[in-house]
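Novice: Just to be clear, the model below is a prediction. Sequence and coordinates:
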Amino acid sequence: MRAGAAASNRAALERAVAEAPRPAGFAAALRRDTVQVIAEIKRRSPSKGTINAGIVAEARAQLYAAAGAAALSVLTEPSRFGGSLDDLRAARRAVSIPLLRKDFIVDEVQLLEARASGASAVLLIARALEPSRFNALAHFAGGVGLEVLLEVRSEEELERALAVPRGVIGVNNRNLETLVIDDEVSARLIPLVPSDRIAVYESGVADRSGVERAAALGADAVLVGSALSSSADGTSALAAFLGVHRRARG
């Protein structure tokens, strides 16, 4: 995009953000007596290939919300996950619960897009961003009314994430370089998350036993992707993940 067009696009997004209604609180929705479920909408992934090519974001969002999801994660990355901002907007039109824009966020314009499209929160991956960029994007997100899910896989990344005020901490069991899932990452890091922060267990939850495992480690919430997106309608699949009591950390 030419410089002039890029500046015009950014200005339009800033106007849209200024006029957008305040979104539902993401972190507040995840603090309950039971482990909360962030239900994901995605068509494919690098690790599994095609998951559900025909998934309709608006209809799936309605099913997840009615079935008891605390929040939704909407993939907007097109080439590897088959998502788009149109999916995020469609989900926003369909439900009032918090929406997470899940993408490889590297630029402030992506944060403006997320807020203008109805997101409550965005994913920031500590491993994918230089520390100064990670902090700057988290600060900018807060300034436009977005919460952040700060994804970590090491003690050093967790320390950086905890330096961001009020950020939700996501511990990803999947190594993004090898795509291998290792639950020991959560076993090591989730107990280190202070009790006043929300801790989300990411990747590898395929059934209720996965939620029980996350609860045993002290997670407040789980993010469930392929196991829900691959199901016929998501309703009965989601019901199986609900009602697991949360255990205190620290």
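Specialist: Great, that's in hand.
Novice: now the chain, which segments are flagged as low pLDDT?
Specialist: Counting by pLDDT under 70, the chain contains low-confidence residues at 1-3, 250.
Novice: let's see 90
Specialist: 1-8, 47-48, 176-177, 232-236, 249-250 (pLDDT under 90).
Novice: now the strands for it?
Specialist: 36-41, 44-45, 49-50, 71-75, 99-102, 121-125, 147-152, 168-172, 199-202, 221-224 (DSSP state E).
Novice: Remind me what the last one packs against, helices and strands.
Specialist: Right, strand 221-224. Applying 3 or more CB pairs under 8 Å, 6 or more residues apart in numbering; DSSP states H and E, we find strand 221-224 packed against strand 36-41, strand 199-202, helix 208-217. (Each C-beta comes from the backbone N, C-alpha and C, glycine too.)
Novice: rerun at 7 Å
Specialist: In terms of contacts (3 or more CB pairs under 7 Å, 6 or more residues apart in numbering; DSSP states H and E), strand 221-224 is packed against strand 36-41, strand 199-202.
Novice: Adding distance to Thr235 and mean neighbour count, write those out as TSV.
Specialist: Converted to TSV, the helices and strands packed on strand 221-224 look like this (distance: least, CB to CB, whole Å; neighbours: other CB atoms under 10 Å):
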stretch	distance to Thr235	mean neighbour count
strand 36-41	10	28
strand 199-202	22	28
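Novice: Distance to Glu108 for the ones you listed - can I get that in JSON lines?
Specialist: Formatted as JSON lines, the helices and strands packed on strand 221-224 follow (distance: least, CB to CB, whole Å):
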{"stretch": "strand 36-41", "distance to Glu108": "24"}
{"stretch": "strand 199-202", "distance to Glu108": "24"}
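Novice: circling back to that earlier point, tabulate the strands of the chain (a markdown table), appending distance to Leu13.
Specialist: Formatted as a markdown table, the strands of the chain follow (distance: least, CB to CB, whole Å):
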| stretch | distance to Leu13 |
| --- | --- |
| strand 36-41 | 23 |
| strand 44-45 | 27 |
| strand 49-50 | 32 |
| strand 71-75 | 18 |
| strand 99-102 | 13 |
| strand 121-125 | 14 |
| strand 147-152 | 18 |
| strand 168-172 | 24 |
| strand 199-202 | 27 |
| strand 221-224 | 27 |
